[in-house]
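Participant: Fold the stuff below for me.
(one chain, ligands or ions: 1)
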Amino acid sequence: MALIINGKELAKELESGLAQKVNELIVKTSQRPRLAVVLVGSDPASKIYVGLKTKRANLCGIEVADFCYPENISTSELKIELERIVKGQNGNQIPDGILIQLPLPKQIVVDEVLSVIPVELDVDGLVPLSQGLMLRGQTRFEPCTPLGILKLIDKANELLGNSILLRGKKAVVLGRSLIVGKPIGLMLLEKDCTVTFCHSKTQNLKEECRQADILIVAIGVANFITSEYVKTGAIVIDVGINRLADGRVVGDVDFEQVSQVAAALTPVPGGVGPMTIAMLLQNVVKSAIGRTVCGAIYK
Ligand code: NDP
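Facilitator: The predicted structure is shown next:
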């Protein structure tokens with residue numbers, strides 16, 4: 001039976017460490033780290049995610065400033081608003097990080113809008129320039145979901161007595177999105193894994209996945225990965241979030257089956273999801289600490 005890696009507990013642990021760092025920062029500077037959250041439109045799921053992030057940020061002592069805009073805002077209008085946030089205009093302070101809640105409405109050219117955020121404030125790690133810098137190993141903030149996945153793998157290794165160290169291991173990443181698949185593949189490559197990317201056109205998918213010492217699944221297809229896809233003793237990270245017709249939320253991995261063959265497995269919910277938020281908060285605190293050392297960059 002696989003070891004179940006509890007992302008909720010790990011995230012809590014990390015966030016209590018962050019709260020301590022925030023306290024130290026407040027003592028030194030009398031300033032709280034500040035995250036600006038941009039929400040466009042009234043998508044209920046986005047509102048829930050923003051609410052969750054705000055609550056967890058506040059628990060760490062991070063101040064959250066919400067900037068809400070109507071569904072029909074244009075790309076150029078949104079860019080102007082963002083420029084104001086970046087420069088701390090309209091009576092707002094310059095934040096330590098800016099998060100744009102995705103997805104944005106259809107009329108918005110997402111890359112144009114994201115590109116307004118300077119790399120130094122891109123705590124979500126999704127701005128095109130940050131992604132390019134990542135390819136060169138020079139990014140300031142790594143994207144939150146892949147960063148959370150690495151922490152979960154580290155935790156699995158620690159709990160398994162380091163039986164699956166990353167160096168030289170075969171990692172298979174299922175999914176090649178810009179948010180999850182591509183960046184986690186690159187990050188595992190940086191950790192000296194031998195990485196294979198798989199996607200909807202991959203031939204012999206089962207065989208490819210069965211080679212993996214570390215299998216990352218991010219496709220958005222409920223319970224797709226059964227035990228036949230998994231090598232005995234692998235670490236399996238389930239990134240997927242899928243809502244079934246009966247309302248249950250499940251991952252891309254068939255939990256019952258795969259827990260019989262994997263060495264370690266993350267659950268859904270309670271695996272990658274909470275870690276993604278913890279990594280966002282970690283990036284905000286890192287930014288705030290960096291700016292007190294270097295002085296505010298944009299003043
Ligand atoms: P995308 O839809 O952007 O990408 C899905 C990827 O999966 C594509 O590369 C696609 O291949 C591949 N794929 C889809 N179906 C199959 C299949 N049957 N066989 C092989 N490959 C397939 O998704 P995201 O990366 O944004 O998200 C993936 C999942 O992770 C979703 O469930 C999402 O909700 C979840 N997620 C969870 C997060 C968290 O914090 N827990 C954060 C972000 C996402 P191709 O490129 O060929 O089309």
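Participant: and whatever residue of the stretch 1-150 of the chain ends up closest to the ligand, what element?
Facilitator: Residue of the stretch 1-150 of the chain nearest the ligand, by CB to the nearest ligand atom: residue 145 (4.3 Å). Placement of C-beta: from N, CA and C, glycine included. Residue 145 belongs to helix 144-159 when assigned by DSSP states H and E.
Participant: Double-check the residue of the stretch 1-150 of the chain closest to the ligand against residue 272; I have them as touching.
Facilitator: Yes - with contacts counted by CB atoms under 8 Å, residue 145 reaches residue 272, the gap being 6.4 Å.
Participant: Those two: which is more packed in?
Facilitator: residue 272 (30 against 24; other CB atoms under 10 Å).
Participant: correct me, but the more buried one touches residue 253?
Facilitator: No - here residue 272 does not reach residue 253: they are 11.1 Å apart, not a contact under CB under 8 Å.
Participant: Get me the contact residues on the chain for the ligand.
Facilitator: Within the chain, the residues that sit near the ligand (CB under 6 Å from any ligand atom) are 145, 174-177, 179-181, 199-201, 218-221, 239-242, 272-273, 276.
Participant: Now do the helices in the stretch 1-150 of the chain.
Facilitator: According to DSSP state H, counting those that start in this stretch, the stretch 1-150 of the chain carries its helices in the segments 7-29, 44-59, 75-87, 110-114, 128-135, 144-159.
Participant: Point out the most buried one among the ones you listed.
Facilitator: Looking across those with neighbours counted as mean count of other CB atoms under 10 Å, the highest average goes to helix 144-159: a mean of 22.
Participant: where does the stretch 151-299 of the chain dip in pLDDT?
Facilitator: Along the stretch 151-299 of the chain, segments meeting pLDDT under 70 span 294-299.
Participant: Now with 90, please.
Facilitator: Flagging of the stretch 151-299 of the chain using pLDDT under 90 yields the residue ranges 162-165, 291-299.
Participant: can you pull out the strands in it?
Facilitator: Residue ranges of the strands in the stretch 151-299 of the chain, as given by DSSP state E, counting those that start in this stretch, are 170-174, 194-198, 214-217, 235-238, 242-243, 249-250, 264-265.
Participant: Work out the sheet partners of the third one and label each with its direction, please.
Facilitator: When pairs are called by DSSP bridges, strand 214-217 turns out to pair with strand 170-174 (parallel), strand 235-238 (parallel).
Participant: which residues touch the shortest one?
Facilitator: Outside of strand 235-238, the residues that reach it under the criterion CB atoms under 8 Å, 6 or more residues apart in numbering are 2, 149, 152-153, 156-157, 160, 164, 213-217, 225, 230, 251-253, 255, 258, 262-268, 271-272.
Participant: Could you give the number of residues near the residue nearest to residue 286 when sequence neighbours are not counted?
Facilitator: Of all residues not flanking residue 286 in the chain, residue 141 sits nearest, at 7.2 Å (CB to CB, 6 or more residues apart in numbering). Applying other CB under 10 Å, we find 27 other residues in the vicinity of residue 141.
Participant: I figured residue 141 hits residue 285, correct?
Facilitator: No - the criterion here is CB under 8 Å, and residue 141 misses it with residue 285 at 11.2 Å.
Participant: Burial check on the residue lying closest to residue 196 once chain neighbours are set aside, number of neighbours?
Facilitator: Nearest residue to residue 196, sequence neighbours excluded (CB to CB, 6+ apart): residue 172, at 4.8 Å. Other residues near residue 172 number 27, with proximity taken as other CB under 10 Å.
Participant: which residues touch residue 172?
Facilitator: If you count contacts by CB under 8 Å, 6+ apart, residue 172 has them with 195, 196, 198, 208, 209, 211, 212, 214, 215, 216.
Participant: right, and the second one touches residue 208 too?
Facilitator: Just to be clear, that refers to residue 196. Yes - counting by CB under 8 Å, residue 196 touches residue 208, with 6.0 Å between them.
Participant: Kindly provide the distance from residue 215 to the ligand.
Facilitator: According to CB to the nearest ligand atom, to the nearest Å, residue 215 stands 13 Å off from the ligand.
Participant: same question but for residue 196, I mixed them up
Facilitator: Residue 196 sits at a distance of 12 Å from the ligand (criterion: CB to the nearest ligand atom).
Participant: count of neighbours near that residue?
Facilitator: If you count neighbours by other CB under 10 Å, residue 196 ends up with 16.
Participant: cool, residue 214 as well?
Facilitator: Look at residue 214: counted by other CB under 10 Å, it has 26 neighbours.
Participant: need the contact list for it.
Facilitator: For residue 214, the contacting residues are 153, 164, 166, 169, 170, 171, 172, 188, 193, 234, 235, 237, by CB under 8 Å, 6+ apart.
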